[in-house]
Structures are given as structure tokens and as C-alpha cells.
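Compute the structure for the input listed below.
(one chain, ligands or ions: 1)
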Amino acid sequence: MCNTDANPILIDFKENSMRPVELRSDTMTRPTPAMRKAMAEAEVGDDVFGEDPTVNRLEAMAAERMGKAAALFVPSGTMANLVSQMVHCGRGDEMILGSLAHSFYYEQGGSAAVACIHPRTVPNQPDGKLPLDELEAAIRDDNIHFPRTRLIALENTHNLCGGAPLDPAYLSAVGDIARRHRIKLHIDGARLFNAAAAFGVEARQLAAEADSISFCLSKGLAAPVGSVVCGSAEFIHTARRARKVLGGGMRQAGVLAAAGIVALNEMVDRLVEDHANAHRLAVGLAGIPGLQLDPERYVTNIVYFDVIKPGLNAADLVAALQKEGVRMLASGAHTLRAVSHYEVTAADIDCALNAMAKIMK
Ligand SMILES: Cc1ncc(COP(=O)(O)O)c(C=O)c1O
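This is a model prediction of the structure:
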């Protein structure tokens, strides 16, 4: 068993003793003691009536941090994306997004199934970008045979592209294309604060070109539930209607928003630690025979690597790691994913590397 030191943030939790090194996802983060206290003490009201002061405070904080006029608290990143798509596109309209976008890959095709939006993919490059020429070429002319292109959707950081962050210059080039063609730009910023930390910029710099941007409170920021969508007052007014029809109107949601406020106040600045830990892991894994990755590719908190030892696949390796108290995810037949977050310390990373080296011998 990989018995690691107590994590100081979790020191009050009984779960802390003999905990596994949890690297499957940053969604595994449990709310901090400060969040639990804020949740217990939250002032609440009925948010569908707009009367929950804690939700209103979270939304105001989120809008300010993204440099937008307004914001909407939603239960999940999936709903944040769907609500945004529904505001920007009508039935039969087209949305251009990356072939590896979370929205395309992992959200049950909700844009088509629920909102009747036609998704058109452009191949994601390994750095999470859509080539600008291919992106622009995918925008349709006004022709009776075609759906109307209404939206470009980007993902920052890009989950399936190894947490790759999209830089301000690229975002500005995409914003330019969208403006020239009079279409909207949505950014799925589930891990936007990781991207901001990677470039050492404010999140609002990465949001500047977006007509709408969402970010998750429940991943690296460790809140138990929730995402926020930000945009103009008009956009948010319509997004609030879309959230309601999807069943996402919550009542005394201030109990959840209170944790989100702690997340924004206390958990953003420490994301650089997660990036350092992910890099430490990537470098260590690259030194273990039988594993393959380019550690320099990983600059935020997500690492993917391949197992290339004959006779060993990702599922076998995950099972062997689990026995050593280390949890990773098999994301392909020979590919594993490891994600750092605030419950994982540098000592945990070393522990995971020792376990991996032992198994791969
Ligand atoms: C990039 C990205 N967008 C959206 C989501 C969806 O978030 P949720 O699981 O809260 O619906 C995820 C979840 O992992 C994600 O990685």
C-alpha cells in the first residue's frame, strides 16, 4: 500500500488515513474543510426566483473574473456547454468544434439529441488547436443546401489533448475569424484557470474573445458541484431560460455556491502546484522502461502515456497499480491517464512512480 503523508488541506478529514493516491481525475477532489464550513453557514433563498444571495454573489464574482457582464451558476460542465450552445444556435444550425472536444466526445451528443444542433468537427491538433485555415474553411456559405454556421466552440485546457492550454494569440485569431463571419465563439473552459496558470495570465485574458465561456468549480478547484457560464447580460438572460428547460433551475443552491466562492478565493492560485506535480509525474514516467510519453508536452495537470511492454495493456496496469494504492484511468487499450489535483502531494507522486517502477520491472 502506498501510504502517503497526511495532506494538510484534508487534515480534518477521517478519509485522510491510508488514502490511495487518486490520479484518475481532478473531479475526485472532495470539498475542503473551509468549503464545508461555508456550505453549512451559507445564506440562501430560492434561486429560481433570483433570491439566493450566495448564488448571486458567486455569479457576480465569476462574471468579474471573466470580464463579462453576467454569469449563471449551473449544475455541471455538460449543462454549461449545452445551455451556451442552445443560446447561440437554433434548430438545424451548425456548430464547429474539435474532433476531440469533450462536448463532441463525452456529452452524449446532447447538442444534437436535445438542442437539434448540427455538430461539424475539425481535427484537433495535439496541442488542442483547430488549424485556423481548416476552421475558416468549415464555415458555411449562405446556401439553401447547407445548415447555417452559428458557433465555434473551443476547449481550454483541452482534456483529450493532454490538458493543452490555448494561448491568447490563438484565441485572438479565432475571435477574428468568428467576428469576420458574424458567428459566435463559445469556450468550454472547464479547466480555464489551469490554462491561465500555465501562461501566468488572468483568466479574463483567455475569455476576452469569447461570447460565452464556462468554467468548472468541481474539478481542480475542488468544489463538490457546479460550473458557471459567463457572457453578456442578454446572453445570460436567455441562458437562464435554457437552464430552466433542462431542469437545471435549483432552489437553495447557495449551499453549493458557497463552496464555489471558496473555490474562487482559495483554490485558483495553488493550481501551479498541480502543474508542477503533473510534470514531476510525466518526467518520472518517461524514465521507466516500457512506458512511452513526451513529458514536455504536459504543462497543466493532465498526463497521458502509453504502455508499450509486450503482453501488458492499460487495464492490467491499472489493476496492478490499484493493488499498490495508486489509481489511474485506462483511457485506451494501451493508454493511461493521470490527473493531479490538490489532494495529491509531491510525495504522492513519488509514491506513484515507485509503484509504477516496481510493476514495470
Ligand atoms: C473539458 C471538459 N468540459 C466539460 C466537462 C463536463 O463537466 P461535467 O462532468 O461537470 O459535466 C468536462 C468533464 O470532465 C471536461 O473535461
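
May I see the buried residues of stretch 120-137?
Applying a neighbour-count criterion of 16 or more other C-beta atoms under 10 Å, one finds 120-122, 124, 128-130, 135-136 buried in stretch 120-137. Glycine gets a C-beta too; all of them are placed from N, C-alpha and C.

and if you look at stretch 250-266?
In stretch 250-266, counting by 16+ other C-beta under 10 Å, buried: 250, 252-264, 266.

try stretch 294-303
For stretch 294-303, by 16+ other C-beta under 10 Å, it's 295, 298-303.

show me where this structure has helices.
In the chain, the segments counted as helices under DSSP state H are 33-41, 53-66, 77-88, 102-105, 110-113, 132-137, 168-180, 192-199, 203-207, 233-245, 254-266, 271-286, 314-323, 346-360.

in the first one, what's buried?
It stands for helix 33-41. For helix 33-41, by 16+ other C-beta under 10 Å, it's 34-36, 38-39.

Repeat that for the fourth one.
Across helix 102-105, burial judged by 16+ other C-beta under 10 Å covers 102-104.

elements contacting that helix?
Judged by 3 or more C-beta pairs under 8 Å, 6 or more residues apart in numbering; DSSP states H and E, the packing partners of helix 102-105 are helix 77-88, strand 94-98, strand 118-122, strand 149-155.

do the longest one as well
Contact analysis of helix 271-286 by 3+ C-beta pairs under 8 Å, 6+ apart lists helix 192-199, strand 302-307, strand 335-339, helix 346-360 as its packing neighbours.

Take the helices and strands packed on helix 102-105 and write them to CSV, including distance to residue 328.
Shown next, in CSV, are those (distance: least, C-beta to C-beta, whole Å):
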stretch, distance to residue 328
helix 77-88, 22
strand 94-98, 24
strand 118-122, 28
strand 149-155, 22
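
Residue 324: which of those is closest?
Of all the helices and strands packed on helix 102-105, it is helix 77-88 that lies closest to residue 324, at 31.0 Å by C-beta to C-beta.

Closest to the ligand out of the buried residues of stretch 294-303?
Nearest to the ligand out of the buried residues of stretch 294-303 is residue 302 (C-beta to the nearest ligand atom; 8.9 Å).

who's in contact with that closest one?
Neighbouring residues of residue 302 by C-beta atoms under 8 Å, 6 or more residues apart in numbering: 157, 159, 162-163, 278, 337-339.

Need phi/psi at the residue nearest to it when sequence neighbours are not counted.
In this structure, residue 302 finds its nearest non-sequential neighbour in residue 163, 3.2 Å apart by C-beta to C-beta, 6 or more residues apart in numbering. When read as degrees, to the nearest 10, the backbone of residue 163 gives phi 70, psi 30.

Hmm, residue 297 and residue 163 touching each other?
No - Residue 163 is beyond contact range of residue 297, at 9.3 Å (criterion: C-beta atoms under 8 Å).
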